[in-house]
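Undergrad: Fold the stuff below for me.
(2 chains)
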Amino acid sequence: MLCYTVFVERSRLEMSEELLSKKELLEVTGISYGQLYRWKRKDLIPEDWFIRKSTFTGQETFFPKERILERIDKIQKMKENLSLDELAEMFSPSVGELNLSKKELVNRGLASETTINLYLEHSKESPEQFHFEGILVVYIVEKLLQSGDISLDEAKMVIQVSNDYFAKEKQSYGELIIARKLGVSTCLIVPSTTNLVIEQGTKLIVNLAYADEIEELRTKLL
Amino acid sequence: MVNIENKGNLVINGMGSSGGGTFKKVLINGKGTVHGDVDCYDFSINGTGRVVGNVKGEHGKINGSGDIEGSIDFDRFTIDGTGGIRGNVKVNKIAISGKGRIGGSLKGEEIKIRGNATIGEDCEAEEFKGEGGFKIGGLLNADVIDISIAGECSAKEIGGQSIKVKKGIFRFLNNLFKSVYPVSLNTEIIEADEIEIEYTKAKMVRGKNINIGPDCEIDVVEYTGTFTQDPSAKIKEVIKI
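TA: Below you'll find the model as predicted:
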């Protein structure tokens, strides 16, 4: 039997993450106030990353260190080739109006025909055109199968769980977990795995955040 | 947007009310009320008209004390008089003269304020020009911010690339009535690369090149490039980073 406890406490999550003040951010990255405010206006940096705190010098703005540094790095690397609006589109977690056919998916190298067929076999509908969430699932399954991390049966579980999850109304994308114990595996989706506690002897095979995959997929779709 | 070319006009003169919908032109003269969302090309309220819903269009105008009890999305919008929008405003260009009120946030490319506008939440633009006295409840964030104060201006925070704050052109009159009409810009924090301010009260001013002009009261200035100050400016602490 598999046992899990998932604690999701937003406030604790934020507290445990290392923070970087705005001043330090500018110093470390070399960006200007003008750039930072412009990127905020263009929604390249999410509003909830601006964490306001009282310090002895008055109000200060802090950022989640790891995430902001990674984001700034990405913006700086990509702004040469993409407009700010295109970048904003890429970082936006909302699902775009994009449809691709099976052939286009294969041609763009997003998934192999085998994976797509597997997806179609295990979905209730078999669409002519894949909408964004469909593309996302196929893309993730392809990646997991290619890496050899999961078996074909586990891939079927991912498809089924993801489809059920995407069918529901949700505020944000969660994280996908595949765990295995004594050869028996299970697949689940949780809002966050920050405080995930798993029974001893259980192996976590896959743990990926949909938001990261969406970002990665978007870069490939552009 | 729905094809509005072959749609009709909605005109209310005097007292009357209508439902929302898609129109080519919406004109409310007098005390008309529109219930429901409106999608149109031209939109204007003269008088005390009211829209209970959201409005979307190309050109919009409120003259008088018209009210939109929802959010708007326009290419160009003008508010003359005491008109207001209760929700959020998304525009390309907006000009507010008089006592325009926006309850939510204001987002645009170019924002021009002349008079006594009030914006409840954040105000974002590529170019912000403010003349007169205005009140912004949240963050004023624009690439180029140009403010001529004539009256009392305030914003919770101000940030951008370059920020210029000058005393307005009614300098002479302002000096005369200084005790009656205080002239100042109040904010908690100003952050920009280029900062040039006068008559400003702030707790913190941070930037690259900073020039603090006459009659400023600043708690802390932090700069990385150059710093100059007027002898009449009161600054508690200056830190070079």
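Undergrad: need the next SSE after the worst-scoring helix or strand of chain A on mean pLDDT, C-terminal direction.
TA: Sorting the helices and strands of chain A by mean pLDDT, DSSP states H and E puts helix A:10-16 at the bottom, at a mean of 45. Downstream of helix A:10-16, the first helix or strand assigned by DSSP states H and E is strand A:19-21.
Undergrad: How far does that following strand sit from its chain's centre?
TA: Taking the mean of its C-alpha atoms, strand A:19-21 sits 22 Å from the chain's own mean (Cα atoms, centre = their mean, to the nearest Å).
Undergrad: can you check stretch A:131-140 too?
TA: On Cα atoms, centre = their mean, the centre of stretch A:131-140 falls 12 Å from that of its chain.
Undergrad: mean confidence score for it?
TA: What stretch A:131-140 shows for mean pLDDT is 83.
Undergrad: List the buried residues for it?
TA: Judged by neighbour count (16 or more other Cβ atoms under 10 Å in any protein chain shown), stretch A:131-140 contains these buried residues: A:132-140. From N, CA and C alone the C-beta is placed, and that goes for glycine too.
Undergrad: contacts for it?
TA: With contact meaning Cβ atoms under 8 Å, 6 or more residues apart in numbering or on different chains, stretch A:131-140 is reached by A:95-100, A:105, A:110-111, A:115-116, A:119, A:123, A:127, A:130, A:158-159, A:162-163, A:166, A:176, A:208, A:210, A:213-214, A:217, A:221.
Undergrad: As PDB, could you dump the C-alpha coordinates of that stretch?
TA: Taking Å, rounded to 0.1, in the frame of the first residue of the first chain, the C-alpha atoms of stretch A:131-140 are listed here in PDB:
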ATOM      1  CA  HIS A 131      -5.700  22.100 -28.100                       C
ATOM      2  CA  PHE A 132      -2.900  23.400 -25.800                       C
ATOM      3  CA  GLU A 133      -3.600  21.100 -22.900                       C
ATOM      4  CA  GLY A 134      -3.700  18.100 -25.200                       C
ATOM      5  CA  ILE A 135      -0.400  19.100 -26.700                       C
ATOM      6  CA  LEU A 136       1.000  19.600 -23.200                       C
ATOM      7  CA  VAL A 137       0.100  16.100 -22.100                       C
ATOM      8  CA  VAL A 138       1.400  14.500 -25.300                       C
ATOM      9  CA  TYR A 139       4.600  16.500 -24.900                       C
ATOM     10  CA  ILE A 140       5.100  15.400 -21.300                       C
END
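Undergrad: Next secondary structure after the helix or strand bottoming out on mean pLDDT in chain B?
TA: In chain B, the helix or strand scored least confidently by mean pLDDT, DSSP H and E is helix B:171-176, which has a mean of 54. Later in the chain than helix B:171-176, the nearest helix or strand by DSSP H and E is strand B:184-197.
Undergrad: Can you name every helix or strand that the helix or strand following that next one contacts?
TA: Later in the chain than strand B:184-197, the nearest helix or strand by DSSP H and E is strand B:200-212. Helices and strands touching strand B:200-212, by 3 or more Cβ pairs under 8 Å, 6 or more residues apart in numbering or on different chains; DSSP states H and E, are helix A:33-41, strand A:58-64, strand B:184-197, strand B:217-223, strand B:227-229.
Undergrad: mind putting those in JSON lines, mean neighbour count and distance to B:Ile85 included?
TA: Shown next, in JSON lines, are the helices and strands packed on strand B:200-212 (neighbours: other Cβ atoms under 10 Å in any protein chain shown; distance: least, Cβ to Cβ, whole Å):
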{"stretch": "helix A:33-41", "mean neighbour count": "21", "distance to B:Ile85": "20"}
{"stretch": "strand A:58-64", "mean neighbour count": "18", "distance to B:Ile85": "28"}
{"stretch": "strand B:184-197", "mean neighbour count": "22", "distance to B:Ile85": "23"}
{"stretch": "strand B:217-223", "mean neighbour count": "19", "distance to B:Ile85": "33"}
{"stretch": "strand B:227-229", "mean neighbour count": "16", "distance to B:Ile85": "40"}
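Undergrad: Take those and write them to TSV, including distance to B:Gly21.
TA: Putting the helices and strands packed on strand B:200-212 into TSV (distance: least, Cβ to Cβ, whole Å) gives the following:
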stretch	distance to B:Gly21
helix A:33-41	33
strand A:58-64	44
strand B:184-197	42
strand B:217-223	53
strand B:227-229	58
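Undergrad: buried residues in the strand or helix carrying A:Ile159?
TA: Element membership of A:Ile159 [criterion: DSSP H and E] is helix A:152-167. Neighbour counts over helix A:152-167 (16+ other Cβ under 10 Å) mark A:154-159, A:161-163, A:165-166 as buried.
Undergrad: Excluding sequence neighbours, find me the nearest residue to A:Trp49.
TA: In space, and not counting its chain neighbours, A:Trp49 is closest to A:Phe63: 5.3 Å by Cβ to Cβ, 6 or more residues apart in numbering or on different chains.
Undergrad: ok, that neighbour - contacts?
TA: Contact partners of A:Phe63, counting by Cβ under 8 Å, 6+ apart, are A:19-22, A:25, A:49-51.
Undergrad: what pLDDT does it get?
TA: Looking at A:Phe63, its pLDDT is 93.
Undergrad: so what's it bridging to?
TA: Per DSSP bridges, the residues bridged to A:Phe63 are A:Leu20.
Undergrad: State the helix or strand in which the closest residue to chain A within chain B lies.
TA: Among the residues of chain B, B:Gln161 lies closest to chain A, at 2.9 Å counting by Cβ to the nearest Cβ. Using DSSP H and E, B:Gln161 sits in strand B:152-167.
Undergrad: Now do that strand: distance to the chain's middle.
TA: Centre-to-centre, strand B:152-167 and its host chain are 12 Å apart (Cα atoms, centre = their mean).
Undergrad: same thing with stretch A:42-49?
TA: Relative to the centre of its chain, stretch A:42-49 is centred 16 Å away, using Cα atoms, centre = their mean.
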